[in-house]
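Asker: A predicted structure for the sequence below; I have some questions about it.
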Amino acid sequence: MAIPVLDFSAYELGKENVSEADLEKLTKELRKAFTEVGFVYLKNTGINQEEVEKVMSVSKKFFSLPENKKKPFSRGNYTCNVNHGWVSLETESLNPRRPGDLKEAFNTTSLREDINWPSEEVADFRDTKVSFFLRCKELALKVLRLMAIGLGMDSEVFVNKHKHIGSFENGTTLRSLYYPLVDSTRVKENQVRCGEHSDYGSITLLFQSSEDGLQVQNLAGEFVSAPCIPGTVLVNIADLMQRWTSDVYVSAVHRALLPPAGDSRTRQSLAFFVQPENESIIKCCDGSDKYPPIKTVDYFTSRFNDTYGKKTNLV
Ligand SMILES: O=C(O)CCC(=O)C(=O)O
Ligand SMILES: [Fe+2]
């Protein structure tokens, strides 16, 4: 099944009063997408392409700085948050069986003003990231609400464990990704831009630049292309949500391949990785014991250790 495109206008940002009929239609469509594919494109969410491009533009300015200017902002340097900051090229292997991913990233996990931001290097960096973070948070809460209704539960069941997004009690992260141009003479065997993986948390909102590369694995095990559809948000279920819903909502494996030989274009994406509160205990929401209860922070620590090849000083 192809990744569906849903019209979110009935419940777009700023609209709270959605009619019963629209609500039912949207929740049904969303449930179908998340149970059968794990991914959905949402159009007319209220987050427009201009906003997305502005975030990509400040991100690109940062990634284009020389290495020594980016280093002070490295992930691992921030005592207030282990995940915040810059990740250099080939540092992560989202598929640990492949060489390091050919990508750079900047994680905005802390919104605090008093931490080290590259404001001198890129004016507007913090403000642009923080305001986009908060827009994504609003949209994510709306999606989480519909997802609970779609399972016949109280609308706030998931939202209640995501009340502190943007504070130190919650690790939700806006990640800017930059895939530099690929020098085919230096690519390692089996190296890709972003290795096969599924996301860790509850849901992810993804915004891509126009260059192709993202592929999603369907239930038949085939990778299908998930191109950028301008003006839409690609939303996917992540692993902790699959576990929370006892495998009703599925977290699909995805990856970003290298461009075809001779294609010298860079690529960018923005991923808003939503996760429950650090101290929340996640139990199967159907009351079953399919998976034992787990604390969000414990789950993430183990996933990050895998991604960074057990270099625990990074987490
Ligand atoms: O860059 C992309 O399109 C996908 C990135 C991704 O899946 C991730 O960082 O988890
Ligand atoms: Fe991902």
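Answerer: Alright, I've got the coordinates. Ligands and ions are numbered 1, 2, ... in the order given.

Asker: partner residues bridging L174?
Answerer: Applying DSSP bridges to L174 gives these bridge partners: T108, F272.

Asker: Need the pLDDT of it.
Answerer: Model confidence at L174, given as pLDDT, is 98.

Asker: ok, it to ligand 1 distance?
Answerer: Separation of L174 from ligand 1 (Cβ to the nearest ligand atom, to the nearest Å): 11 Å. Where you see a C-beta, it was placed from the backbone N, CA and C, and this is true even at glycine.

Asker: any idea whether V216 is helix, strand or coil?
Answerer: Three-state call for V216 (DSSP: H, G, I helix; E, B strand; the rest coil): strand.

Asker: Next, count neighbours for the residue of the chain found nearest ligand 1.
Answerer: Minimum separation of the chain from ligand 1 (Cβ to the nearest ligand atom) falls at S269, amounting to 3.4 Å. Neighbour count for S269, taken as other Cβ atoms under 10 Å: 26.

Asker: Could you verify my assumption that it touches R193?
Answerer: No: look at S269 against R193 with Cβ atoms under 8 Å: they stay out of range, at 9.8 Å.

Asker: Now the longest helix anywhere in the chain: buried residues?
Answerer: The single longest helix within the chain, with elements called by DSSP state H, is helix 125-150. Using 16 or more other Cβ atoms under 10 Å as the test for burial, helix 125-150 gives 125-126, 128-130, 132-133, 135-137, 139-150.

Asker: Over to stretch 88-95?
Answerer: Here stretch 88-95 shows 89, 91-95 as buried, counting by 16+ other Cβ under 10 Å.

Asker: mean confidence for that stretch?
Answerer: In this model, stretch 88-95 has a mean pLDDT of 95.

Asker: again, but for stretch 285-299
Answerer: If you average the pLDDT values across stretch 285-299, you get 96.

Asker: what residues does that stretch touch?
Answerer: Outside stretch 285-299, the residues that touch it by Cβ atoms under 8 Å, 6 or more residues apart in numbering are 151, 153, 157, 171, 200, 240, 243-248, 275-284.

Asker: any idea where the strands of the stretch 51-200 of the chain begin and end?
Answerer: Using DSSP state E, counting those that start in this stretch, the strands of the stretch 51-200 of the chain run over residues 85-87, 104-108, 173-179, 194-197.

Asker: and those as CSV, adding mean neighbour count?
Answerer: Converted to CSV, the strands of the stretch 51-200 of the chain look like this (neighbours: other Cβ atoms under 10 Å):
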stretch, mean neighbour count
strand 85-87, 22
strand 104-108, 24
strand 173-179, 23
strand 194-197, 22
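
Asker: so can I have CSV of the ones you listed showing distance to K60?
Answerer: Putting those into CSV (distance: least, Cβ to Cβ, whole Å) gives the following:
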stretch, distance to K60
strand 85-87, 13
strand 104-108, 11
strand 173-179, 7
strand 194-197, 17
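
Asker: Would you mind saying which of those lies nearest C228?
Answerer: The closest of those to C228 is strand 173-179. By Cβ to Cβ, the value is 13.0 Å.

Asker: so what does the closest one touch, helix or strand wise?
Answerer: Packing partners of strand 173-179 (3 or more Cβ pairs under 8 Å, 6 or more residues apart in numbering; DSSP states H and E): helix 49-63, strand 104-108, helix 125-150, strand 267-274.
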